[in-house]
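# mind folding the following:
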Amino acid sequence: MTVFGLDTNVVLRLFVDDDPVQRKAALKFGQGLGQDYSAFVTVVSLLELDWALRSQYRYEKRHVVLAIDRLLHTRGLVVEDHTLVLKALRLVEKSNADFADALIACRSIEEGCISVKTFDAKAARNIPGMERLT
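Numbering: from 1, shown residues only. Presented below is the predicted three-dimensional model:
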């Protein structure tokens, strides 16, 4: 089966309708997923998606989590480090952490780090494995 990589702007148009032409093209492409072809989304694109939805489109954090979770369960869509992304999403839900911080913590701990040093007091309080560097 043919596999296409997806840039963040295509994934974004699956959730927002700020450009009707691009949204229509993205939705049409999405209809063929899992049947005619599959698509790959990188972790970098998910981080960009999180940033864009929250900062540019004013999505609440819980709605971003739902959007990314939806991608994880889309037929024909392969998400890089699927299990890691799912773990980070659950951490966001449980601790109200930012997705990027949760992903950093999950990846670092997965790689054997004893902790993640940060200057972000909120992240250090909310995310297991993160410690404030003082």
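# which secondary structure elements does the helix ranked longest in the chain contact?
For the chain, the longest helix by residue count, based on DSSP state H, is helix 82-95. Where contact means 3 or more CB pairs under 8 Å, 6 or more residues apart in numbering; DSSP states H and E, helix 82-95 is packed against helix 43-51, helix 61-72, helix 99-110. Glycine gets a C-beta too; all of them are placed from N, C-alpha and C.
# next, the buried residues of the last one.
If I follow you right, that is helix 99-110. 99, 101-109 (16 or more other CB atoms under 10 Å).
# farthest pair within those?
Greatest spacing in the buried residues of helix 99-110, by CB to CB: Phe99 and Ile109 (15.8 Å).
# would you reformat the helices and strands packed on helix 82-95 as a markdown table and include distance to Gly5 and mean pLDDT?
Shown next, in a markdown table, are these (distance: least, CB to CB, whole Å; pLDDT from 0 to 100):
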| stretch | distance to Gly5 | mean pLDDT |
| --- | --- | --- |
| helix 43-51 | 9 | 97 |
| helix 61-72 | 14 | 96 |
| helix 99-110 | 19 | 96 |
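# quick one: Leu12 from Glu110, how far?
27 Å (CB to CB, to the nearest Å).
# so which of the buried residues of helix 99-110 comes closest to Thr83?
Cys106 (9.5 Å).
# thought the closest one was touching Leu86?
No: checked against CB atoms under 8 Å, the pair Cys106 and Leu86 is beyond contact range at 9.5 Å.
# care to break this protein down by domain?
Structural domains assigned to the chain are 2-80, 96-134, following automatic domain parsing.
# between the two ends of the first one, how far is it?
Think domain 2-80. Using CA to CA, to the nearest Å, the end-to-end distance of domain 2-80 comes to 17 Å.
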